[in-house]
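# Quick one, structure for this:
(2 chains)
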2 protein chains.
Amino acid sequence: MYIDAAGEQLIAENFDNELQPGQEVRFKQQIEFILEIDKLKHVLRKTILMDQSRRENSAEHSWHIALTVMVLSEYARDADIDFFRVMKILLVHDLIEIDAGDTYCHDEEGKKDQAIKERLAADRIFNILPSDQAKAFRDLWDEFEERKTPESRFANALDRVQPFLHNYFTSGKTWLENKIRSEQVISRMQPLDDGAPLLWRYVKSLIDDAVKKEILAG
Amino acid sequence: MYIDAAGEQLIAENFDNELQPGQEVRFKQQIEFILEIDKLKHVLRKTILMDQSRRENSAEHSWHIALTVMVLSEYARDADIDFFRVMKILLVHDLIEIDAGDTYCHDEEGKKDQAIKERLAADRIFNILPSDQAKAFRDLWDEFEERKTPESRFANALDRVQPFLHNYFTSGKTWLENKIRSEQVISRMQPLDDGAPLLWRYVKSLIDDAVKKEILAG
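Take a look at the predicted model:
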């Protein structure tokens, strides 16, 4: 149901006529989902924007990396890859943070119950959709998490590269504030080698450089 | 070139070795583009978020509607549509706002030099990319603007539906603040009929309802 701030139901009555029988409920679920996911714009990540003015939110991050698919596709390890699915995976991959919040990749304590919180979130959020779409979205998210397909490996690579670039090109502000050491960054970034080996080589060289410049602890 | 806040060049030297000859310049252009487009996160739109806490930016908006492709694809007028291209169009369509700013859809004064400003912006921003990618991005943006293909018509429909839903479901706050009348909203939304006729019928019913509830001037 679509309820406005005053608790009033806002769907106009003449709307049913125009959809196929049975489609009205489906359409309402779809609109409800579209309204619900607006909340991802409130989930703040540790990453800061390039001009260092503020932290990034997960909707912005998702847009950035989905677009990056179009820029960096030639660096994917696997030649035969469905980039449409990569893009869909990336648009969807953080939706669970609406309930579960963003877990900082170097927060070992926070990671302990992350999986449970995220599964509960997936159960709730994707199921706002009609069941066929709920399953499609859940499958994309599961694929991302499992990192078994070429598509999900490339998606994971891009998901890690973007915040890394932000950290490096803002002189390591987030690394220094959170007392992150190079071995933590290496361990976080190493899986790039499975998805985009050239990007991994590039990132490795920037990690070395960051340590040399003391914007990342060695 | 990648320059940090202190004006220091930050590309590590051992990075060249790992790319094909000639690919280094290309890769630098791609990274520079990825860093540049971060600025879209600073471009504020008139639309407010569903919880009314603040205005939305164009990166968030682009993410929202790119994802909406996956939810509302069945309402596209044309059966044979390349939804991957729709998604790419939507991820790219607002990048020119980095230079040109967001022009409010009901700002007739602002629209006068909008086209010129946006073309100049497209010339600069897309050309940060290697020339083949610059052309691909420009083609997507031109396609969106021209609204001639089924893909661009559906993309335009989603681009208009999302802010409309925000306006309606936040009790017309932005409409009332900007003294918008229903005929302006109808004129803005009518092109939905070309891209997603069922969505247009839905929107029409909500416009009627909004007028009845006095959250939109009749």
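# Which strand or helix spans the residue lying closest to A:Leu95 once chain neighbours are set aside?
The shortest distance from A:Leu95 to any non-neighbouring residue, by Cβ to Cβ, 6 or more residues apart in numbering or on different chains, is to A:Ile125 (5.6 Å). For glycine as for every other residue, the C-beta is placed from the backbone atoms N, C-alpha and C. Using DSSP states H and E, the secondary-structure element containing A:Ile125 is helix A:114-126.
# Return the alpha-carbon coordinates of the longest strand along chain A using CSV.
If you go by DSSP state E, chain A has its longest strand at strand A:44-48. Output in CSV follows, covering the C-alpha atoms of strand A:44-48 (Å, rounded to 0.1, in the frame of the first residue of the first chain):
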residue,chain,number,x,y,z
LEU,A,44,26.7,6.2,4.4
ARG,A,45,29.9,4.4,3.5
LYS,A,46,33.4,5.0,4.8
THR,A,47,34.5,6.2,1.4
ILE,A,48,34.7,10.0,0.9
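# and the longest helix along chain A, average pLDDT?
The single longest helix within chain A, with elements called by DSSP state H, is helix A:150-169. Averaging pLDDT along helix A:150-169 gives 98.
# Would it count as contacting chain B?
Yes. Contact of helix A:150-169 with chain B (Cβ under 8 Å from any Cβ of the partner chain) involves A:Gln162, A:Leu165, A:His166, A:Tyr168, A:Phe169.
# sorry, back to before: in the longest strand of chain A, which residues are buried?
For strand A:44-48, a neighbour-count test (16 or more other Cβ atoms under 10 Å in any protein chain shown) marks A:Arg45, A:Lys46, A:Thr47, A:Ile48 as buried.
# roughly how far apart are the first one and B:Asp113?
Put plainly, it is A:Arg45. 36 Å (Cβ to Cβ, to the nearest Å).
# the strands in chain A, which residues?
A:44-48, A:55-57.
# Next, the angle helix A:150-169 makes with the longest one.
Taking axes from the mean of the first three to the mean of the last three Cα atoms, to 10 degrees, strand A:44-48 and helix A:150-169 form an angle of 60 degrees between their directions.
# now strand A:44-48, how far from the chain's geometric center?
Centroid separation for strand A:44-48 versus its chain: 12 Å, with Cα atoms, centre = their mean, to the nearest Å.
# Skipping its backbone neighbours, what lies nearest the residue nearest to the spatial centre of chain A in space?
Note on chain A: the residue nearest the mean C-alpha position is A:Asp94, at 3.7 Å, using Cα atoms, centre = their mean. Nearest residue to A:Asp94, sequence neighbours excluded (Cβ to Cβ, 6+ apart): A:Ser58, at 4.3 Å.
# now swap in A:Gln162 and tell me
In space, A:Gln162 is closest to A:Ile65, 5.1 Å off (Cβ to Cβ, 6+ apart).
# where in chain A is pLDDT low?
Within chain A, the stretches with pLDDT under 70 are A:1-21.
# Helices of chain A, start to end?
A:23-36, A:58-72, A:83-92, A:97-100, A:114-126, A:131-146, A:150-169, A:173-177, A:182-189, A:192-195, A:197-212.
# rewinding a little: count of residues packed around the residue nearest to A:Leu95?
25 (other Cβ atoms under 10 Å in any protein chain shown).
# if I look at the closest residue in space to A:Pro150 that isn't next to it in sequence, how far off is chain B?
Spatial nearest neighbour of A:Pro150, chain neighbours left out: A:Asp78 (3.6 Å); criterion: Cβ to Cβ, 6+ apart. Counting by Cβ to the nearest Cβ, to the nearest Å, the gap between A:Asp78 and chain B amounts to 18 Å.
# ok, A:Asp78 touching A:Ala155?
No. A:Asp78 is beyond contact range of A:Ala155, at 12.0 Å (criterion: Cβ atoms under 8 Å).
# Which one of the two is surrounded by more residues?
Shown here are A:Asp78 and A:Ala155; by other Cβ under 10 Å, A:Ala155 has more neighbours (30 against 14).
# so who does that one touch?
Contact analysis of A:Ala155 by Cβ atoms under 8 Å, 6 or more residues apart in numbering or on different chains lists A:Val86, A:Ile89, A:Leu90, A:His93, A:Phe144, A:Gly195.
# same deal with A:Leu129?
A:Gln29, A:Gln30, A:Phe33, A:Phe137, B:Val71.
# how about a cut-off of 6 Å?
A:Gln29, A:Phe33 (Cβ atoms under 6 Å, 6 or more residues apart in numbering or on different chains).
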